[in-house]
Every structure is written in C-alpha cells, then in structure tokens.
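1. Give me a model of this one.
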Amino acid sequence: MRRTRRPLVVGAIVACAAAALVVPAQFANALVIVVPPAPGGLVYQQAQSARNSATTKVVEVDCPDDTAGVGGDAIVSGTTSARINGMTPTATGFTVTATEASGGTADSWRVVAAAVCAPVGSLPGLDYVEDTSDFDTSTAHSASAGCDGDQELAGMGGQIDPASGSAPQDRLVLTAVRPAGPVNGATSVTVAGHTDEAGETAEPWRVRATAVCVDPASAFLVGATAGSARNSQTEKVVTATPDAPRTAHAVGFDLTTAQGQAALTSVNLTVDAEHSMEVVAREDPTGFDGDWNYSVFVLTGA
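-> Residues are numbered from 1 along each chain as shown. Have a look, this model is predicted:
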C-alpha cells in the first residue's frame, strides 16, 4: 500500500471530543457525522459532462480562490446503466468519475457534479491524505487514509483509481467510502471496490482513499437517520437529514453487501432548510440474486 499526503498550508478548523464511534456489523443504515461549520459559510460550485454515449465521464468542479474542496455530490442522468466510480475532494475542487456497467448502453447520458468548498482560512492545518490498496487482480480491494496526530476528518472521498492500468472501469465498482474513528471526530476513511459478477479481472487494479484532515477545534456530534431495507429490490433510496441548522460537507456510503452487483447512481445534496443528502443505489443491468442493503454517512457542520 502507498500513503501520500497533500498538505495545504492555511489556518485551522474543526475539533472533536473523545467518545469512540462504535459501528457494529449491522451498523445503522445512515449516519450523520457532524463537524463545525466553516466561518463565512460554504460555497457550492457545479459542473457537468457532455450528454453522449461515451463509456466513462470525468467531471472536475473547481472551487473559487481561497477555498478548498471538502466534498460534493454527483448525479447520473439519462440512463440506469451507469454508476458513480469516484467522488474525490481536492485542494482545488471536487472530481467525479462515472462509467457504464459492463456491456455498455446506447443511451446518451451525463453527469452533473457539485463541489462543497470551504474557506481555507477556516480549515486550520488542512491536509489531504491519500492511500491506495494493493495493485493486483483480486476481486475486492480496500484502502484506508487516516489523519495524522489529533487531526480530524472534515471531508472524504474515494475512487476506483484511474491510474489502475488497463483494468476496465466497467468491470469495477466503488462499493464503500466510510468514515471511522471517535464519535466526536472521525479520523480516517476506508474505501472499498469490487469486481462485477464476472469476477477477477485479467488486469490489475486498485482503489484510492482520500481523507480531508484539519486540526481539532470544537466538538463533533453523530446522528442517525433511516436507511435502506435489506431485500432484493432493484433500486433503493436513502435520505440522510442532519438536525437543523447543520450543513452537509461530504457523503460516504457502504453497499458491500451487494458484492459489486449494485452501485451508486446519484448523490444529491439538497441545500434547502433540511440540507439533506439523498443517495440512490441500483443493481446492475443483470440484477443480483441475493438481498442487499446500504448505509449512508454524512459529514456535516453545526
């Protein structure tokens, strides 16, 4: 595994208290992880891909000057045969990758993405920490990126690494981006990926985890909302709504129970009075014989 750091020298934000985040195997279907808000408020930027039948689309959303990406959302429109394989905050914005499922589609489709940008002056010690999984032909990979020292998570992301070599994106599925650590300040993110039902690929591949870390400054809270049922339904929707007046920074999820045969198709941040995250997951075009469910995790500001 390789761990890299992308520091940005700026001021300081968020903090934490001490209770441990205990997530049992049957963890709640949706968690809201609360972080302090950025003074001066968050900024939301949007961009979209072309609408066509290209197999893979990448959208890079730029944050304004003097702000940095901490999270965002992504919506695939025009087809039910494409999935989100990457959502990654960066020091300059937010990058989304979406790809058609194996077998492709004749549909013309697009990706609409939004970046959640925070003033860099409100993010003390801001650091982007990355880790990648092993690089081989295994059916499943995972990687965990953790904050250094007493730093805490202000944002998170993950992707099927586009630098994975020649392994086709349509055979690979991003199955989890989940935070871990104390209740009052998550400290790391674990990202998982799985091959589709055809199993092991002939080419090596990997996943990449990104943790957006900041110095601690105030208490975190954790709340829970309803999540998907465990059944064989083709498409499922989970909406995670923080208690007002908290605002969402970033979203994570875990749908490893579908073993690569279901994926995210939409992560929609609603910046209204509720400031909710609606996350849609759907089985691939050939379906999944077993029961599955998924969980949603939202980093928010109070």
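2. For the residue nearest to residue 44 when sequence neighbours are not counted, grab the count of nearby residues.
-> Among residues not flanking residue 44 along the chain, residue 114 sits closest, at 5.7 Å (C-beta to C-beta, 6 or more residues apart in numbering). Just so you know, the C-beta spots here come from the backbone N, C-alpha and C atoms, and that holds for glycine as well. Look at residue 114: counted by other C-beta atoms under 10 Å, it has 23 neighbours.
3. For residue 114, pull up the helix or strand it's in.
-> Using DSSP states H and E, the element containing residue 114 is strand 110-119.
4. That strand - what's its average pLDDT?
-> What strand 110-119 shows for mean pLDDT is 93.
5. Kindly report the same for stretch 180-190.
-> When pLDDT is averaged along stretch 180-190, the result is 79.
6. still on that earlier bit, what strands flank the helix or strand that comes right after the strand holding residue 114, and is each parallel or antiparallel?
-> As assigned by DSSP H and E, the chain's next helix or strand after strand 110-119 is strand 125-132. In the sheet, strand 125-132 lines up against strand 2-12 (antiparallel), strand 207-214 (antiparallel) (DSSP bridges).
7. And stretch 279-298, what's buried?
-> By 16 or more other C-beta atoms under 10 Å, the buried positions in stretch 279-298 come out as 279-284, 288, 292-298.
8. As CSV, could you dump the C-alpha coordinates of that stretch?
-> Output of stretch 279-298 as CSV, limited to C-alpha atoms (Å, rounded to 0.1, in the frame of the first residue of the first chain):
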residue,chain,number,x,y,z
VAL,A,279,-28.3,8.7,-2.1
VAL,A,280,-29.6,6.3,-4.8
ALA,A,281,-28.1,2.8,-5.4
ARG,A,282,-29.2,0.4,-8.1
GLU,A,283,-28.4,-3.2,-9.1
ASP,A,284,-26.5,-3.6,-12.4
PRO,A,285,-28.5,-4.4,-15.6
THR,A,286,-28.3,-8.2,-14.9
GLY,A,287,-29.5,-7.9,-11.4
PHE,A,288,-28.4,-9.5,-8.1
ASP,A,289,-29.9,-12.8,-6.8
GLY,A,290,-29.3,-12.0,-3.1
ASP,A,291,-30.7,-9.5,-0.6
TRP,A,292,-28.6,-6.3,-0.1
ASN,A,293,-28.8,-3.0,1.7
TYR,A,294,-26.6,0.0,2.1
SER,A,295,-25.7,2.7,4.6
VAL,A,296,-25.1,6.4,4.2
PHE,A,297,-22.7,8.6,6.2
VAL,A,298,-22.8,12.4,6.1
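9. i'd like the first residue to be 12 from this point on
-> Right, with 12 as the first residue, what we last looked at is stretch 290-309.
10. Could I get the full set of strands for the stretch 212-313 of the chain?
-> Secondary structure of the stretch 212-313 of the chain (DSSP state E, counting those that start in this stretch): strands located at 218-225, 232-236, 246-251, 258-265, 273-281, 287-294, 306-312.
11. ok, back up a step: distance-wise, check the residue nearest to residue 55 relative to residue 152.
-> 27 Å (C-beta to C-beta, to the nearest Å).
12. Kindly report the same for residue 202.
-> Using C-beta to C-beta, we find residue 202 at a distance of 9 Å from residue 152.
13. who has more neighbours, these two?
-> With neighbours defined as other C-beta under 10 Å, residue 202 and residue 152 compare such that residue 202 has more, 31 against 25.
14. Below-threshold pLDDT in the stretch 162-311 of the chain: ranges please.
-> For the stretch 162-311 of the chain, the stretches with pLDDT under 70 are 173-177, 193-195, 228-237, 255-256, 282-285.
15. All the helices of the chain, residue numbers only.
-> For the chain, helices defined by DSSP state H do not occur.
16. picking that back up, so what pairs up with the residue nearest to residue 55 in the strands?
-> residue 57, residue 84.
17. okay, now the residue lying closest to residue 203 once chain neighbours are set aside: neighbour count?
-> For residue 203, the nearest residue in space outside its immediate sequence neighbours is residue 187; the separation is 3.9 Å by C-beta to C-beta, 6+ apart. As a burial measure, residue 187 scores 22 neighbours (other C-beta under 10 Å).
18. can you check residue 289 too?
-> The tally of other residues near residue 289 (other C-beta under 10 Å) stands at 18.
19. Please name the residues that touch it.
-> 248-250, 277-279, 281 (C-beta atoms under 8 Å, 6 or more residues apart in numbering).
20. Residue 118 too?
-> 64, 89-90, 92.
21. Filter these down to the buried ones and hand me the PyMOL line.
-> The command below creates a PyMOL selection of those among these that count as buried (16+ other C-beta under 10 Å):
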select buried, resi 90+92
